[in-house]
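Asks: Whatever this is, show me its structure:
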Amino acid sequence: MSSKLISVKNITKDYHSGDVVTHVLKGVSFDIDDGEFVSIMGSSGSGKSTLMYVLGFLDKYTSGKYYFEGQDTSEFDDDKLAENRNEKIGFIFQSYNLLQRTTVLDNVILPTSYMVNCDVKKAEKKARKLLKRVGLGHRIDHKPNQLSGGEQQRVAIVRALINDPRIILADEPTGNLDSKSGEEIMEILQNLNKEGKTIIMVTHEQYTAECARRILHIKDGKIFNDEIVNNRRLATNGDYKK
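Replies: Prediction:
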């Protein structure tokens with residue numbers, strides 16, 4: 001299999017409201033290789049979150065080409081799109097998106113319920129192991145409202161990992177966190193990348209973006225700089241500050 005995991009060519013995305021057309025993405029092109037850690041950095045309204053939704057098959061682009069694992073995604077039907085979302089991509093959101101009346105364990109294993117012939121006991125065993133790894137082994141039976149923001153985001157990361165996806169898409173994963181919790185989340189993402197996971201992270205924060213190996217700078221719906229971070233910021237070095 002080619003190392004080129006994602007390739008987008010002149011992608012555009014328009015939104016229509018009556019006679020008004022808003023051009024959000026305006027001819028975006030780049031490649032992402034398997035195993036990269038890439039930040040998509042831009043201010044509010046730059047198009048970065050829309051781009052992430054397109055990459056994660058949560059939204060459809062208007063024109064251009066998007067190749068995923070060498071396949072033209074315009075040929076994917078709804079079942080194929082859903083399969084990729086559930087099995088090959090793990091999502092982490094700024095607002096955590098946890099079910100508030102459901103335990104931590106059940107939140108984590110929720111994505112497995114969409115898989116054919118899911119082994120619930122095996123999924124629970126894996127979830128417990130992952131939760132223990134991120135320091136939440138003692139929180140399995142708690143509800144999200146009993147956790148801190150940093151703990152909730154760690155639950156969201158474990159949920160994103162439960163189906164062993166190829167890609168983790170993280171949308172402002174430290175946006176609602178204090179500096180210490182943000183550092184802990186970035187350390188987890190960096191370690192996952194070291195283990196081979198492809199990480200694509202959307203952020204408006206320079207210090208968070210610098211935890212990646214590469215930064216795609218987006219402004220007004222266009223990529224204006226593609227930067228390799230030779231001396232990336234390590235989340236454990238104590239200078240992660242907001």
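Asks: Report the separation between the two terminal residues of stretch 80-94.
Replies: In terms of C-alpha to C-alpha, to the nearest Å, the two terminal residues of stretch 80-94 are separated by 26 Å.
Asks: now it: how far from the chain's centre is it?
Replies: Here stretch 80-94 is found 9 Å from its chain centre; the criterion is C-alpha atoms, centre = their mean, to the nearest Å.
Asks: Now tell me what touches it from outside.
Replies: Contacts to stretch 80-94, defined as C-beta atoms under 8 Å, 6 or more residues apart in numbering, come from residues 56-58, 68-69, 73, 76, 97, 111, 114-115, 153, 156-157, 159-163, 165-173, 175-176. In this view, the C-beta of every residue, glycine as well, is placed from N, C-alpha and C.
Asks: What subset of these is buried?
Replies: 56-57, 68, 73, 76, 111, 153, 156-157, 159-163, 165-173, 175-176 (16 or more other C-beta atoms under 10 Å).
Asks: For the residue positioned nearest the centre of the chain, give its distance to His23.
Replies: In the chain, the C-alpha nearest the mean C-alpha coordinate belongs to Leu169, at 1.4 Å (C-alpha atoms, centre = their mean). Between Leu169 and His23 the distance is 23 Å, computed by C-beta to C-beta, to the nearest Å.
Asks: cool, and Lys122?
Replies: Using C-beta to C-beta, Lys122 is found at 46 Å from His23.
Asks: likewise Ser44?
Replies: From Ser44 across to His23, the span is 17 Å (C-beta to C-beta).
Asks: Counting neighbours, go ahead and name the busier of these two.
Replies: His23 (14 against 7; other C-beta atoms under 10 Å).
Asks: host element of the more buried one?
Replies: strand 20-33 (DSSP states H and E).
Asks: Tell me which residues of that strand come out buried.
Replies: Buried residues in strand 20-33, counting neighbours by 16+ other C-beta under 10 Å, are found at Val24, Leu25, Val28, Phe30, Ile32.
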